[in-house]
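A.B. asks: Structure for the following, please:
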Amino acid sequence: MAAGGSNRLLTPDDTAERLAVSKRTLYAKWRAWGIPAYKVGKHLRFRERDIDHWVSQQACS
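C.D. replies: Residues are numbered from 1 along each chain as shown. Sure, this is the predicted structure:
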């Protein structure tokens, strides 16, 4: 997990847009990609700083 950054929770729509993938792809791949996600009630949410950290890790690979 990244140190610092926003704890804002993103919806799957927001996350898919941020990653430039479809929401369908996000739902199919988030576990395989290793993106941490959280259940809020019955809804899936992604923490903004986790997404930013994941993207930065992909850029370094």
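A.B. asks: Can I get the top helix by length along the chain as CSV, trimmed to CA atoms?
C.D. replies: Longest helix of the chain, by residue count under DSSP state H: helix 48-60. The C-alpha trace of helix 48-60 is given here as CSV (Å, rounded to 0.1, in the frame of the first residue of the first chain):
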residue,chain,number,x,y,z
GLU,A,48,-7.7,6.2,-4.7
ARG,A,49,-4.2,5.9,-3.3
ASP,A,50,-4.2,2.1,-3.9
ILE,A,51,-5.1,2.8,-7.6
ASP,A,52,-2.4,5.4,-7.9
HIS,A,53,0.2,3.1,-6.3
TRP,A,54,-0.8,0.2,-8.6
VAL,A,55,-0.5,2.5,-11.7
SER,A,56,3.0,3.7,-10.5
GLN,A,57,4.1,0.1,-10.0
GLN,A,58,2.9,-0.9,-13.5
ALA,A,59,4.9,2.1,-15.0
CYS,A,60,8.1,0.8,-13.2
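A.B. asks: can you pull the buried residues of that helix?
C.D. replies: Residues 48-51, 53-54 are the ones in helix 48-60 that count as buried (16 or more other C-beta atoms under 10 Å). For glycine as for every other residue, the C-beta is placed from the backbone atoms N, C-alpha and C.
A.B. asks: can you put these in CSV and add distance to Cys60 and pLDDT?
C.D. replies: Below are the buried residues of helix 48-60 laid out as CSV (distance: C-beta to C-beta, whole Å; pLDDT from 0 to 100):
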residue, distance to Cys60, pLDDT
Glu48, 19, 95
Arg49, 16, 95
Asp50, 16, 94
Ile51, 15, 95
His53, 11, 92
Trp54, 11, 93
